[in-house]
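Q: Can you look at this prediction? I've put the sequence above it.
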Amino acid sequence: MSQLEQMQVFIRIVEAGSISEAAKQLGVMKSLVSRRLSGLEQRLGVSLLTRTTRSMKLTEAGKEFYQRSSGILAELDELESSVSGNAQQLKGTLNIAAPISYGMTKLVDVIDGFTEANPQLKLNLSFSDSRQQLIEEGLDAAIRIGTLTDSNLRARKLGVARSVFCCAPSYLEQVGPIKTHKDMQNKQFIHYSNQAFTKHVLQTPDKQQVELHYSPSLQANNGDFLVEMCKRGKGISRLPDFIADKGIESGELVQLLPDYPCAVSDIYVVYPDQKFTSKRLRAFIDYMVDNYQ
């Protein structure tokens, strides 16, 4: 088997998530894919994957080999398209990750437009509120909201998300009016469990910083669930505007402390920091930046 074919098999294993799934996609026996992986590792003299009966994870050498192999194959695809006269048509596959609620509320139109403009390009979208690892999970790019901590990624800013405190009118009927941060003390809070902290730092209308500590009565790792529980009068939650706005407009939710400046989080599209970025990925990122709403 040529070096190029070994690269292709290895990339398929990483992006499929397992040897058995890669074999299924390639239409060959699992044992054959396993032997090809072993042959590649023997030739390189390093382990590319650590494997157990339940999981598979890239080693440091595997991460580097995956990144550079992906770039080589993407460059080869573009070269073939160029010399064959099909340079204007993007082909291949992009694997993109995004938070669930954000994806359902903000990405449908822009993804629809991108696929209409690039009918020969395949998109695999992975929606999860957990922060997925791009290289380990075979992703080309991801939408991230908040502070970026991974120095191995490049980023393009798409916009901002503003957070607002909300509850249902029925909850205010139970606890009385909430006009200032002091009125928020000892209230029931519904917490986004992917955030480790249980406090909110607020800026008052007179620009004083105050801390609001709370013990959540309910936690969940999905924004759509939190907003539904808020609508049912289960407590107060701080929600991003792209989730809360519809409920506020309909009257199912009430925004609390509207005179307090909203917390703002930046929204990015992130992708691996590597020497070569495929034309299809560059086109996707540019389209996202140009058409973000």
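A: Alright, I've got the coordinates. Numbering: from 1, shown residues only.
Q: Need the nearest residue in space to Lys24, chain neighbours excluded.
A: Distance criterion C-beta to C-beta, 6 or more residues apart in numbering; nearest residue to Lys24, sequence neighbours excluded, is Ala16 at 7.9 Å. Every C-beta, even on glycine, is put in place using the N, C-alpha and C of the backbone.
Q: Correct me if wrong: that neighbour contacts Lys30.
A: No - using C-beta atoms under 8 Å, Ala16 makes no contact with Lys30, being 11.4 Å away.
Q: Looking at those two, which has the bigger crowd around it?
A: Ala16 (18 against 15; other C-beta atoms under 10 Å).
Q: Return the helix or strand in the protein with minimum mean pLDDT.
A: Using mean pLDDT, DSSP states H and E, helix 60-83 stands out as the lowest-scoring helix or strand of the chain, at a mean of 74.
Q: on that earlier part again, what residues are up against the residue nearest to Lys24?
A: Ala22, Lys24, Gln25, Gly138 (C-beta atoms under 8 Å, 6 or more residues apart in numbering).
Q: And the pLDDT at it?
A: In this prediction, Ala16 carries a pLDDT score of 78.
Q: State the distance from it to Tyr271.
A: According to C-beta to C-beta, to the nearest Å, Ala16 and Tyr271 sit 20 Å apart.
Q: tell me the contacts of Ser20?
A: Residues in contact with Ser20, defined by C-beta under 8 Å, 6+ apart, are Lys30.
Q: quick one: it and Thr59, what's the gap?
A: Distance, Ser20 to Thr59, by C-beta to C-beta: 20 Å.
Q: ditto for Gln6
A: Separation of Gln6 from Thr59 (C-beta to C-beta) stands at 16 Å.
Q: which one of the two has more residues nearby?
A: Taking neighbours as other C-beta under 10 Å, Gln6 and Thr59 compare with Gln6 leading, 18 against 14.
Q: Just give the closest residue to the residue lying farthest from the centre of the chain, not the sequence neighbours.
A: Using C-alpha atoms, centre = their mean, the residue of the chain lying farthest from its centre is Gly176. It sits 38.1 Å away. Residue nearest to Gly176 in three dimensions, not counting chain neighbours: Asp183, with 7.8 Å by C-beta to C-beta, 6+ apart.
Q: just checking, the one you found touches Phe165?
A: No - Asp183 is beyond contact range of Phe165, at 11.0 Å (criterion: C-beta under 8 Å).
Q: between the two, who's got more neighbours?
A: The residue with more neighbours, out of Asp183 and Phe165, is Phe165; 26 against 14, by other C-beta under 10 Å.
Q: Tell me which helix or strand that one sits in.
A: Element membership for Phe165 (DSSP states H and E) is strand 153-167.
Q: Show me what that strand is packed against.
A: strand 141-145, helix 223-231, strand 237-240, helix 241-250, strand 254-256, strand 263-272, helix 279-291 (3 or more C-beta pairs under 8 Å, 6 or more residues apart in numbering; DSSP states H and E).
Q: and these, which is most packed in?
A: Mean neighbours per residue, mean count of other C-beta atoms under 10 Å, is largest over the helices and strands packed on strand 153-167 for strand 237-240, with a mean of 25.
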